[in-house]
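# Quick one: sequence and predicted model below, then my questions.
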Amino acid sequence: MTEAPLILVADDVPGNVDLLVDQLTTLGFDTVTAFDAPSALAACFEHKPQLCILDVAMPAGDLGVDASTSGFEVCRRIKRDPRTARIPVIFLTALNDTMDRVQAIEAGGEDFLTKPHNSVLLGARVRSLVRLKATTDALEESYRQLRDLERLREDLMRMLVHDLKTPLASILATLELLGDGDLGVLGERQLQAVRETEEKAEELLALIDEILEIRKMESAEMVLDVQPLRPDVLLGEIVHDWERRLERDGARLSLDIAADAPEFVGDVKLLKRVLGNLLENALTHGGPAVKMTLSARRDAHGLRFIVSDNGPGIPRSEREHIFQNFTSVRRTGSTRHGGTGLGLAFCRLAVAAHGGRIWVEDGSELGPGGARGSAFHVVLPLEPVRVTTAAAGA
């Protein structure tokens, strides 16, 4: 059986208290009573009622205020204390002056009724405020549980990343020894297998680092290591880094750098990973022998990079969601749904850390079956909006 809500009734006239207790009991509420201000405050802290009905003028005891306004002081103290701050207060008093109502509001009261009161109106106000408090309490509890779950998630993430990186470092070290022939001569097939395994292990290590950096950026702990950069040099280095992968996958990558593409300031490591993630996305979902273009040009807001491909494209309905954590890209007509759903989330946060923005549109080259492909746009200011490097603070 559900326990009846508890109402505190405080008034220095016993007859008024008895009348209210009878009315509230008839409405299905339990009551606790007090006949002066100190007792009302003590009862509130002890019983934690769902609602308080206070008279304004009660004996003040040791509260240090005038008896004519002691109810306001009780309300102020209730609202100041975190244990009782969400308990609603109704003032029920013979006072009916505008200034009395103003004082009630300033003290933190939720309602103000005059004596003699209308029992139907009082019942409606009490039920409404009790329901509101129950809802507020439920929301507060849900928020507390979410905070606890978030802390647990962070703790598990830290432990998981640590437990993954330690054995992975040993695996990479062993693969390097095998590849260098330090553990014996390998045949061409064995050496190729070792190299492919080492490449996948490096991808896994990059994923672990990505998880760590996403957490840092989400908690505003990411520190940008900025330096002056030239778009042609940056994109040229990316093409060089990806040559082996492109050759293996039979993909084509071309550069389109406008003559007026300006120099800018950015974190070269983060930006290489952003553009690399976009290339990886195109290679994973673009289909066999996908054609890609890396572009750079001046933008009204600074510099714009574009990574476009002639693959199946991304449905418009998914474009708003693909930059969220753990949301994988699902290309139109593609049967490949691989990926962790972290690559594009990382891109969004890294670009935002520079004060820029990222989005996806249809591409310009028609792919197989007339698909328009995809074009990811990254617009960066010529200098990060919020530079948080150690050098900037020096």
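That came through, no problem. Residues are numbered from 1 along each chain as shown.

# what are the ranges of the helices in the protein?
When secondary structure is read from DSSP state H, the chain shows helices at 14-26, 37-47, 70-80, 98-107, 119-179, 188-218, 231-241, 243-249, 268-285, 343-353, 390-393.

# Could you tell me the least trusted of the ones you listed?
The stretch with the lowest mean pLDDT among the helices of the chain is helix 390-393, which comes in at a mean of 38.

# just to revisit the earlier point, dump the helices of the chain to JSON lines, plus distance to R298 and mean neighbour count.
Heads up, the C-betas are built off the backbone N, CA and C, glycines and all. What follows is these, written out as JSON lines (distance: least, Cβ to Cβ, whole Å; neighbours: other Cβ atoms under 10 Å):
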{"stretch": "helix 14-26", "distance to R298": "72", "mean neighbour count": "16"}
{"stretch": "helix 37-47", "distance to R298": "66", "mean neighbour count": "19"}
{"stretch": "helix 70-80", "distance to R298": "57", "mean neighbour count": "22"}
{"stretch": "helix 98-107", "distance to R298": "57", "mean neighbour count": "14"}
{"stretch": "helix 119-179", "distance to R298": "39", "mean neighbour count": "13"}
{"stretch": "helix 188-218", "distance to R298": "27", "mean neighbour count": "14"}
{"stretch": "helix 231-241", "distance to R298": "10", "mean neighbour count": "15"}
{"stretch": "helix 243-249", "distance to R298": "27", "mean neighbour count": "12"}
{"stretch": "helix 268-285", "distance to R298": "17", "mean neighbour count": "21"}
{"stretch": "helix 343-353", "distance to R298": "17", "mean neighbour count": "22"}
{"stretch": "helix 390-393", "distance to R298": "25", "mean neighbour count": "10"}
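
# possible to save the ones you listed as JSON lines with distance to V89?
Formatted as JSON lines, the helices of the chain follow (distance: least, Cβ to Cβ, whole Å):
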{"stretch": "helix 14-26", "distance to V89": "14"}
{"stretch": "helix 37-47", "distance to V89": "9"}
{"stretch": "helix 70-80", "distance to V89": "5"}
{"stretch": "helix 98-107", "distance to V89": "8"}
{"stretch": "helix 119-179", "distance to V89": "9"}
{"stretch": "helix 188-218", "distance to V89": "39"}
{"stretch": "helix 231-241", "distance to V89": "63"}
{"stretch": "helix 243-249", "distance to V89": "68"}
{"stretch": "helix 268-285", "distance to V89": "53"}
{"stretch": "helix 343-353", "distance to V89": "44"}
{"stretch": "helix 390-393", "distance to V89": "48"}
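
# Spell out which residues make up each domain of the chain.
Under automatic domain parsing, the residue ranges defining each domain of the chain are 6-117, 143-218, 227-393.

# and those domains as CSV, adding distance to T135?
Converted to CSV, the domains of the chain look like this (distance: least, Cβ to Cβ, whole Å):
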stretch, distance to T135
domain 6-117, 11
domain 143-218, 13
domain 227-393, 29
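
# if we compare those, which one ends up closest to R127?
Judged by Cβ to Cβ, the one of these that comes nearest to R127 is domain 6-117, at 7.3 Å.

# mind checking how far the closest one is from the chain centre?
Relative to the chain's own centre, domain 6-117 is displaced by 40 Å; criterion: Cα atoms, centre = their mean, to the nearest Å.

# do the same with stretch 260-274
Here stretch 260-274 is found 26 Å from its chain centre; the criterion is Cα atoms, centre = their mean.

# same check, this time on stretch 310-323
Computed by Cα atoms, centre = their mean, the separation of stretch 310-323 from the middle of its chain amounts to 22 Å.

# cool, and stretch 229-242?
Averaged over its C-alpha atoms, stretch 229-242 has a centre that lies 33 Å from its chain's centre (Cα atoms, centre = their mean).

# can you list contacts of it?
Counting contacts by Cβ atoms under 8 Å, 6 or more residues apart in numbering, the residues outside stretch 229-242 that touch it are 253, 255, 257, 261-266, 268, 271-272, 275-276, 279, 294, 296, 303, 305.

# make it 6 Å
Outside of stretch 229-242, the residues that reach it under the criterion Cβ atoms under 6 Å, 6 or more residues apart in numbering are L255, I257, A261, E263, F264, G266, L275, L294, A296.

# Sort out which of those residues are buried, if you could.
The neighbour-count test (16 or more other Cβ atoms under 10 Å) marks I257, A261, F264, G266, L275, L294, A296 as buried among the contacts of stretch 229-242.

# Including distance to V194, could these go into CSV?
Output for the buried ones among the contacts of stretch 229-242, formatted as CSV (distance: Cβ to Cβ, whole Å):
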residue, distance to V194
I257, 37
A261, 40
F264, 40
G266, 35
L275, 28
L294, 30
A296, 36
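
# And those residues, which is closest to C52?
Here the nearest of the buried ones among the contacts of stretch 229-242 to C52, counting by Cβ to Cβ, is G266; it sits at 58.0 Å.

# From T98, how far out is the closest one?
Here the distance between G266 and T98 works out to 61 Å (Cβ to Cβ, to the nearest Å).

# Skipping its backbone neighbours, what lies nearest F323 in space?
Nearest-residue entry for F323: R348, 4.1 Å, with adjacent residues in sequence omitted and distances by Cβ to Cβ, 6 or more residues apart in numbering.
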